[in-house]
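Q: pasting the structure only:
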């Protein structure tokens, strides 16, 4: 064997060892994320449990499924609503923080393809979220989307090819889809209280929405939602929870929704939800959540018709 052949064989062996090490590290990262970090996280376990409850009911159409982001997660107590037994026979929640309209358009599409949750769906988020062109991208690709929808979702988000590649990879890799949460958890352990501090800064820095942009976004997104529900023969409505200083935006979104045949549940009497009912100026605290859960149950009772779900709710303007 010549010296050149020996060198080639040695280089090939080194390259194979390097690939093996990379594969091992990637495999360990994926395994640790899927069976370690995501099972340790209380938030992730809650999301898993809520998704499992939907699967367990299968194609049953008698219950109400409420989907949304942290406004739903922190602003409602589903146990309280079910105990009141007003409106639907049972209510399920499926909340994923930091999600916006596009996340749930594709998330609902994935559920409806399986015949799940078509009976009655209530989407809960702020007016800005309903009108938003953005989404949670990688995490939503992992948590909510079907593989066949990832590229279309990426295009709707306006991602460039590199971002699209990351989003596609996140659908198949829990490590890649969960990596930002891992980073936040590590930072939170190193600097306790930092995540809450950053959230409070974000909430305090919120600006009133540009009504023209909000109107254009709501028209586009709610038109898409109406067509999607019709295509899957699903019954869908929207709800806006109590928010500080968003009455004009809420009225606009509800008007746009109703024009497209989508019932809208606006917040109950805003005088009952002052700053003392909010944890950070955006999310309800425990007292506010219990108060809103009871008010929402009463709204559902008034708007609910067996066999039809949530009907027109103009009385709640």
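A: Now that the structure is in, tell me what you want to look at. Since this is a predicted model, take the numbers as computed values, not measurements. Residues are numbered from 1 along each chain as shown.
Q: isn't residue 273 right next to residue 292, touching?
A: Yes - counting by C-beta atoms under 8 Å, residue 273 touches residue 292, with 7.2 Å between them. Every residue, glycine included, has its C-beta placed from N, CA and C.
Q: Now the common contact residues for these two.
A: Common contacts of residue 273 and residue 292, defined by C-beta atoms under 8 Å, 6 or more residues apart in numbering, comprise 242, 267, 284.
Q: okay, residue 273 and residue 292: which has more neighbours?
A: residue 292 (25 against 20; other C-beta atoms under 10 Å).
Q: In three-state terms, label the more buried one for me.
A: helix (DSSP: H, G, I helix; E, B strand; the rest coil).
Q: which residues touch it?
A: Taking C-beta under 8 Å, 6+ apart, one finds 75, 76, 241, 242, 267, 268, 273, 284 in contact with residue 292.
Q: and what of residue 121?
A: Residue 121 sits next to 64, 65, 66, 67, 108, 234, 235, 236, 237 when contact means C-beta under 8 Å, 6+ apart.
Q: redo that, cut-off 6 Å
A: With contact set as C-beta atoms under 6 Å, 6 or more residues apart in numbering, residue 121 has these partners: 65, 236.
Q: That one and residue 111, how far apart?
A: Using C-beta to C-beta, to the nearest Å, residue 121 is found at 9 Å from residue 111.
Q: Spatially, which residue comes closest to residue 213, not counting chain neighbours?
A: residue 131 (7.3 Å; C-beta to C-beta, 6 or more residues apart in numbering).
Q: What distance do you get for the one you found to residue 216?
A: From residue 131 over to residue 216 (counting by C-beta to C-beta), the distance is 8 Å.
Q: Residue 102 too?
A: Taking C-beta to C-beta, one finds residue 102 at 15 Å from residue 216.
Q: Comparing those two, which shows the higher neighbour count?
A: residue 102 (21 against 13).
Q: Which residues does the strand or helix carrying that one contact?
A: Element membership of residue 102, judged by DSSP states H and E, is helix 101-113. Contacts with helix 101-113, where a contact means C-beta under 6 Å, 6+ apart, come from 67, 117-118, 123, 130, 132, 135-136, 140, 144-146, 149, 153, 156, 221, 232, 234.
Q: In helices, which of these appear?
A: Taking DSSP state H as the definition of helices, those contribute 130, 140, 153, 156, 221.
Q: Show the contacting residues for the last one.
A: Taking C-beta under 6 Å, 6+ apart as the contact definition, residue 221 lies against residue 101.
Q: Kindly report the same for the first one.
A: Shown in contact with residue 130 (C-beta under 6 Å, 6+ apart): 101, 218, 253.
Q: re earlier: next, format the contacts of residue 292 as CSV and append distance to residue 172, pLDDT and secondary structure.
A: Compiled in CSV, the contacts of residue 292 are given as follows (distance: C-beta to C-beta, whole Å; pLDDT from 0 to 100; DSSP: H, G, I helix; E, B strand; the rest coil):
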residue, distance to residue 172, pLDDT, secondary structure
75, 33, 95, helix
76, 32, 95, coil
241, 34, 95, coil
242, 39, 94, coil
267, 39, 91, coil
268, 43, 86, coil
273, 42, 90, coil
284, 36, 95, strand
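Q: Alright, that wraps it up for me.
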